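In: Structural data only, the sequence is not supplied:
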């Protein structure tokens, strides 16, 4: 910011400059000592009021110039809430000041953009549980059928077999309709008995087909 202020102050007739935030007030200044902090704050409030009313009546504008007996105040908007305010001698070269403010505005806008915090990426949703997948969604029907087939073939231990297979399936990649054959292969391995595997695949067809 100091470099930007120094560049603006090289324009003949510029007495001082400060950065003004519409909500936070004066952020940084390089003005003569005669301009005390409370005075700058009061001036800033008045400038923002004038800017708001002027923009409401006249629309978008580049600068606002306020002429007083011994000085001129130039207000340049940098972003929605950020402004540069330049205190000038009445004889200041307005054209040169305008060019200097344009360069400063571009640099400040670039700095503000670079300083914006990066939005954290949304965390991947936690994998659903077997109970959730079995309750609703595209996997509900096949999982219910698989569970019923296991219960028919394995009795009371069916739930334990399915839980263990589901755990392995969930860790092997995305749980989806397309990856169901992987779950079926895991369950077939757990069943062990070739005849039970054959019966199991027949009951749950077509969910056990390769995919």
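Out: Looks like it arrived, so ask away. Bear in mind the structure is a predicted one, so any value in this text is a computation, not a measurement. Residues are numbered from 1 along each chain as shown.
In: ranges for the helices of the chain?
Out: Using DSSP state H, the helices found in the chain span residues 2-9, 37-58, 94-115, 130-135, 140-154, 158-171, 180-191, 194-204.
In: want to throw those helices into JSON lines with distance to residue 23?
Out: Bear in mind the C-beta positions are built from the backbone N, C-alpha and C, glycine included. Shown next, in JSON lines, are the helices of the chain (distance: least, CB to CB, whole Å):
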{"stretch": "helix 2-9", "distance to residue 23": "21"}
{"stretch": "helix 37-58", "distance to residue 23": "10"}
{"stretch": "helix 94-115", "distance to residue 23": "14"}
{"stretch": "helix 130-135", "distance to residue 23": "45"}
{"stretch": "helix 140-154", "distance to residue 23": "51"}
{"stretch": "helix 158-171", "distance to residue 23": "48"}
{"stretch": "helix 180-191", "distance to residue 23": "55"}
{"stretch": "helix 194-204", "distance to residue 23": "63"}
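In: Next, format those helices as JSON lines and append mean neighbour count.
Out: Below are the helices of the chain laid out as JSON lines (neighbours: other CB atoms under 10 Å):
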{"stretch": "helix 2-9", "mean neighbour count": "15"}
{"stretch": "helix 37-58", "mean neighbour count": "13"}
{"stretch": "helix 94-115", "mean neighbour count": "14"}
{"stretch": "helix 130-135", "mean neighbour count": "15"}
{"stretch": "helix 140-154", "mean neighbour count": "17"}
{"stretch": "helix 158-171", "mean neighbour count": "16"}
{"stretch": "helix 180-191", "mean neighbour count": "19"}
{"stretch": "helix 194-204", "mean neighbour count": "15"}
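In: nearest to residue 87, of those?
Out: When these are compared by CB to CB, helix 37-58 sits nearest residue 87, at 8.9 Å.
In: now what about that closest one, what contacts it?
Out: 18, 20, 22, 25-26, 29, 31, 35, 61, 64, 66, 73, 75, 77, 83, 85 (CB atoms under 8 Å, 6 or more residues apart in numbering).
In: Most neighbours among those, which one?
Out: Within the contacts of helix 37-58, residue 20 tops the neighbour count with 26 neighbours, counted by other CB atoms under 10 Å.
In: show me what contacts that one?
Out: Contacts of residue 20 (CB under 8 Å, 6+ apart): 26, 27, 44, 47, 48, 75, 82, 83, 84, 85.
In: mind checking how far it is from residue 64?
Out: 12 Å (CB to CB, to the nearest Å).
In: Mind pulling up the pLDDT for the nearest residue to residue 143 once chain neighbours are set aside?
Out: Among residues not flanking residue 143 along the chain, residue 134 sits closest, at 4.6 Å (CB to CB, 6 or more residues apart in numbering). Note on residue 134: pLDDT of 74.
In: Please consider this matter closed, and thank you.
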